[in-house]
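Chemist: Could you work out the structure for the sequence below:
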Amino acid sequence: MASGFRIAADIGGTFTDIACLSADGRLLTRKVPSTPDDYATAIIEAINDLGEAEGGVRFDEILHASTVATNAILEGKGAKTALITTEGFRDVLELRRIRVPRLYEPLYEKPAPLVPRRRRFELAERMDARGEVLKPLDPEAVEALIDRIAALDVDAVAVCFLHSHINPAHEQMVGARLRARLPEKFISLSCEVLPEIREYERTSTTVANAYIGPPVADYLRSLSNRLKAAGQDGRLTMMQSSGGVQLIEQIIAKPATVVESGPAAGVVGAARMGARAGYDNIITFDMGGTTAKAAMIEAGRINATSEYEVGGGISLSAGLTKGGGYALKLPVIDVSEVGAGGGSMVRIDAAGALKVGPQSAGSSPGPLCYDQGGTAATVTDANVTLGYLNQDALAGGTVPIRAAASRAAFETEIAPHLGCDAHEAAFGVHKLANVTMMRAVKAVSTYRGRDPRDFTLFCFGGNGGVHGAMIARELEMTRVVVPPAAGVYSAVGLLFADLEATRARAFLGLLDAATAPRAEALLREMEAEVLTELDQARPELRWSADLRYAGQAFELQIDLPRDGALADALGTVRETFEAEHRRSYGHLLDGAIQIVNLRVLGAVAPRTAGGMALQERSRPAEGTHRPVYFGAEMGLRDTPVLHRGALAETPVQGPMIIEEYEGTTVVPPDATVFRDGYDNIVINFVREART
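Modeler: Alright, predicted model coming up:
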């Protein structure tokens, strides 16, 4: 019997966040330290704890976001993989694209391919660009090659042939033989993973899919079995990089779709909350213990891309990829990320300059104030010293802290080197972290021709509310929104996520009346596949196409109408493409428009209450104040500390500290703050009108 409860878990490097929507619309939350040795342990314990608190409830759906796929690539702990490719194309993985992360670095070394050359094999076969067979596949050569691969004892095999996105026959033949003869191996075919143009990206994505396939499958099956053993046998889904969730069976078959699983969930939640509360233009700011991330939501729509890198270091959005990582060409929310978080470690370098991050203390040993053996001050220690964070405990009293350890570090180790007192040294750390994190915000706005002053900064994550207002002030943004349960908002975002199925196909042809019927037929074929995958659900369907001017080497994704014949809507499609091209690149070209890929998305909206009612777990005592430092200009202020529910619904002047179980929000003295009708904390700065 269905309980009506849905629960979501988001694993971070420092904490694992849990959000649960009850049958009667209550939003229940938990925040527990992550367990790096076995991330599933924290999930199981938190879900059991919350289930028991609700009378032993069994959850109808368990949603999950994890970095297991990303970590397998970053840590080099993926499967032992082989690659089969067309004769003459064995070294595509190493040739890559002509991009280097830093122009003037003669000692730069490319990252090692996920498949070394000794495990990359060629077959004598060839298709042309129209899908016509130039050299047929030799079945005996296939069997001989499978014999060689079997002897290598690999865990996964990737197959990527030239032009298989147009005609997959050869790949399918090889894939069928591999699955028949090596049934225990993970087989990744490019015609199934990425049937689109661009050979390097297709090869790289297919190889990455194979490389992470076994560890992702092992993790998800283990998690599923342990949940069932604990009496939780509800539907298990996982967040994809695109912002939708999918059943774990589909994730296991195509794990590359979850490489950026973690950052996507909070952005989805921000888009849904923004639409409800009337905030259409949003820049999200998600600050955790290790990194800070930003994304853009424009006119209610999340900015996404279909090409990005993983493993190339901190990413300043997909549009600014530098060629230092492993290319993946799959739908992904365009998130920029920098190495600054609450756990970022503070140090004085050899020249006597203050440095913050990117090294992080994580959850173990954590900041000095955690009193768990930490050896270096962190951004969290700076925030404790400044008075921004509770001086006794975090997470509603569940994480005790020792504020004296934080203050002592700044008084004896940091401030003397800088020639100032502990407060000013801690404020310098806070500001330096903000400067680093501003790069993430600029990467999705200023660097893309958008003015951040035209957007609302939507802050979440364990530290988003602590730093958000200060960052907004520096960027001259006038409004900051901190949603309910901000400290676990990526878990909340999972509850908002649609169940999605997608299909994409290469389609090279002009956008004209002669081509439109063929394109529409393929779209309807893909739509039928999406409906089959989503089974009995009634999804919202969306068609789109990757378009470019003939001769260009980059595309823009443009929505296509589903109602009526596509041939009758070509004028509208062209106008939409030209408007997007002008907005993105500042100019138009004369000439024909070309279709490169066709896409179909099916999305089934989740059951969510019209307005989730957050169940408070803790609140500061009434009338609480503490001294808080806001920099030399504003000084040390006796600042009221209250909970969200006590916040006025009309603007009041800062300073103010708003403490909750999930996190803390800092309102500086030069801002006003109120609580809107959706229980969001809204911070406003008054700015002179722009000319």
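
Chemist: Stretch 129-149: end-to-end distance?
Modeler: Start and end residues of stretch 129-149 are separated by 29 Å (Cα to Cα, to the nearest Å).

Chemist: Residue ranges of each domain in this protein, please.
Modeler: According to automatic domain parsing, the chain is divided into the following domains: 73-216, 346-432, 502-532+545-601.

Chemist: The first one: how far from the chain's middle?
Modeler: Pointing back at domain 73-216 there. 26 Å (Cα atoms, centre = their mean, to the nearest Å).

Chemist: just stretch 510-530 next, same as before
Modeler: Offset of stretch 510-530 from its chain centre (Cα atoms, centre = their mean): 31 Å.

Chemist: mean confidence for it?
Modeler: In this model, stretch 510-530 carries a mean pLDDT of 96.

Chemist: got it, and stretch 264-280?
Modeler: 92.

Chemist: list the buried ones in it?
Modeler: Residues of stretch 264-280 classed as buried by neighbour count (16 or more other Cβ atoms under 10 Å): 264-274, 277, 279. All C-beta spots, glycine's among them, are computed from the backbone N, C-alpha and C.

Chemist: which two in those residues are spaced the farthest apart?
Modeler: Farthest apart among the buried residues of stretch 264-280 by Cβ to Cβ are Ala264 and Ala277. That separation is 20.6 Å.

Chemist: re earlier: most tightly surrounded among the domains of the chain?
Modeler: Greatest average neighbour count among those goes to domain 346-432 (a mean of 20), per mean count of other Cβ atoms under 10 Å.

Chemist: Quick one: mean pLDDT for that domain?
Modeler: Mean per-residue pLDDT for domain 346-432: 88.

Chemist: Just the pLDDT for Ala304.
Modeler: Looking at Ala304, the pLDDT reads 87.

Chemist: so which of the domains of the chain comes closest to Gln240?
Modeler: Taking the domains of the chain one by one with Cβ to Cβ, domain 502-532+545-601 is closest: 8.7 Å.

Chemist: ends of that closest one, how far apart?
Modeler: End residues of domain 502-532+545-601 are separated by 5 Å (Cα to Cα).

Chemist: Not counting sequence-adjacent ones, nearest residue to Asn281?
Modeler: Phe455 (4.7 Å; Cβ to Cβ, 6 or more residues apart in numbering).

Chemist: Pull the number of nearby residues for that neighbour.
Modeler: Phe455 has 25 neighbours, counted by other Cβ atoms under 10 Å.

Chemist: For it, give its distance to Val338.
Modeler: Applying Cβ to Cβ, to the nearest Å, the value for Phe455 to Val338 is 18 Å.

Chemist: Output the below-cut-off pLDDT ranges for the stretch 501-650 of the chain.
Modeler: Where the stretch 501-650 of the chain drops to pLDDT under 70, the residues are 608-622.

Chemist: That one: helices as residue ranges?
Modeler: Secondary structure of the stretch 501-650 of the chain (DSSP state H, counting those that start in this stretch): helices located at 516-534, 570-585.

Chemist: thought the residue nearest to Asn281 was touching Ile282?
Modeler: Yes: if you go by Cβ atoms under 8 Å, Phe455 and Ile282 touch, sitting 6.1 Å apart.

Chemist: who touches both of the two?
Modeler: Taking Cβ atoms under 8 Å, 6 or more residues apart in numbering as the criterion, Phe455 and Ile282 both touch Met296.

Chemist: Please enumerate the helices of the stretch 301-450 of the chain.
Modeler: Counting by DSSP H, counting those that start in this stretch, the stretch 301-450 of the chain has helices at residues 379-386, 403-409, 415-418, 422-444.

Chemist: Export the buried residues of stretch 264-280 to a markdown table and append columns for secondary structure.
Modeler: Output for the buried residues of stretch 264-280, formatted as a markdown table (DSSP: H, G, I helix; E, B strand; the rest coil):
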| residue | secondary structure |
| --- | --- |
| Ala264 | helix |
| Ala265 | helix |
| Gly266 | helix |
| Val267 | helix |
| Val268 | helix |
| Gly269 | helix |
| Ala270 | helix |
| Ala271 | helix |
| Arg272 | helix |
| Met273 | helix |
| Gly274 | helix |
| Ala277 | helix |
| Tyr279 | coil |
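
Chemist: With that, I have no additional questions.
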